[in-house]
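> Sequence plus predicted model, see below.
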Amino acid sequence: MINKIVKSAAEAVADIFDGAVVMIGGFGEAGSPIELIHALIDRGAKGLTVISNNTGSGHVGLAALIENKQVGKMICSFPRSANSKVFPELYRRGEIELELVPQGTLAERIRAGGAGIPAFFTPTSVATPLADGKEVRLFNGQAFVMEYAIKADFSLVKCRAADRYGNLVYNKTARNFGPIMCTAAETTLVQAKKIVELGDIDPEQVVTPGIFVKRVVEIPHPAHESQLVSEDRRYP
């Protein structure tokens, strides 16, 4: 019997190892898997390369993972935002690496990784520092930069509901990066607000099929990053 449900966030992340490449969902707190990230902090894996839309907010979630010196490199689109307090300071001190990727390019690199496409050409970043050292070709007289696909060892994803097969549906902007990150990782770990019975999710509404999911943990009352930041909360 297929049953991908685990009892805790700690059990879900138990095999994330030092030096792993980890994709973390986001694009707003609807998709930010705070509990899985905090479980990863507790696990203590270090030297991680993290792929995410941004570098987190305040001193919780992804920002807390970075602050705990567990991340050696960030691949993201927005390394600095209104509430990003940790990453900018570490970066200025040379304590963390950054690969800056335009948001659409980041999404497509992840999607390509999941689809088995090794690289693609895009006009984004032509004639900018982000194109330095990359192959450029002309198509119909227009320049395009070659970008390589991204894959990961693990993806940490947040969804609205899941069943024991690992079929997922999302809440609003959680769908922006969550589904493609599920396809682009060797092992996808998901926190779901609710685990439902088989058949409760209309097959026509399934966004991520269970074949892409390894483990699911139910977190019925997930933390809201914005609230934690407004309260100046810290983890651990």
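Looks like it came in fine.

> the strands in this structure, which residues?
21-24, 48-51, 71-76, 97-100, 119-122, 136-139, 142-148, 152-162, 168-169, 185-195, 215-218 (DSSP state E).

> In the sheet, which strands lie alongside the fourth one, parallel or antiparallel?
Applying DSSP bridges to the sheet, strand 97-100 is found paired with strand 71-76 (parallel).

> rewinding a little: of the strands of the chain, which is nearest Val207?
Val207 lies closest, by C-beta to C-beta, to one member of those: strand 168-169, at 5.6 Å. C-betas here are computed from N, CA, C, even on glycine.

> Among the strands of the chain, which comes closest to Pro88?
strand 97-100 (10.0 Å).

> Could you dump the strands of the chain into CSV and include mean neighbour count and mean pLDDT?
As requested, those are exported to CSV (neighbours: other C-beta atoms under 10 Å; pLDDT from 0 to 100):
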stretch, mean neighbour count, mean pLDDT
strand 21-24, 26, 98
strand 48-51, 24, 98
strand 71-76, 21, 98
strand 97-100, 14, 98
strand 119-122, 14, 98
strand 136-139, 10, 98
strand 142-148, 16, 98
strand 152-162, 26, 98
strand 168-169, 24, 98
strand 185-195, 21, 98
strand 215-218, 22, 98
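
> wait, Lys193 sits on Tyr170?
No - applying C-beta atoms under 8 Å, one finds Lys193 not in contact with Tyr170, separated by 10.1 Å.

> in the chain, which spans are helices?
9-12, 34-43, 61-67, 87-92, 103-115, 174-183, 225-230 (DSSP state H).

> Could you measure from the residue lying farthest from the centre of the chain over to Pro123?
Distance from the C-alpha centroid of the chain, by C-alpha atoms, centre = their mean, peaks at Gly141 (35.7 Å). According to C-beta to C-beta, to the nearest Å, Gly141 and Pro123 sit 12 Å apart.

> picking that back up, who touches both of Lys193 and Tyr170?
Residues touching both Lys193 and Tyr170 by C-beta atoms under 8 Å, 6 or more residues apart in numbering: Cys159, Arg160.

> what bridges to Phe78?
Counting by DSSP bridges, Phe78 forms beta bridges with Asn54.

> Could you report the neighbour count for Gln70?
19 (other C-beta atoms under 10 Å).

> nearest spatial neighbour of it, skipping sequence neighbours?
Excluding its sequence neighbours, the residue lying closest to Gln70 (C-beta to C-beta, 6 or more residues apart in numbering) is Lys46, at 5.0 Å.

> Show the pLDDT at the residue nearest to Ile211 when sequence neighbours are not counted.
Of all residues not flanking Ile211 in the chain, Gly166 sits nearest, at 7.7 Å (C-beta to C-beta, 6+ apart). Looking at Gly166, its pLDDT reads 98.

> Gly166 and Gly210, how far apart?
Distance check for Gly166 against Gly210: by C-beta to C-beta, it reads 3 Å.

> And those two? Which one has more around it.
Regarding Gly166 and Gly210, a neighbour count based on other C-beta under 10 Å identifies Gly166 as having more, with 24 against 18.

> that older thread, where's the residue farthest from the centre of the chain relative to Thr128, distance?
Counting by C-beta to C-beta, the gap from Gly141 to Thr128 is 19 Å.

> returning to that earlier point: anything in contact with each of Gly166 and Gly210?
Taking C-beta under 8 Å, 6+ apart as the criterion, Gly166 and Gly210 both touch Lys4.

> residue contacts, the residue nearest to Ile211?
Taking C-beta under 8 Å, 6+ apart, we find Gly166 in contact with Lys4, Val190, Thr208, Pro209, Gly210, Ile211, Phe212, Val213, Lys214, Val216.
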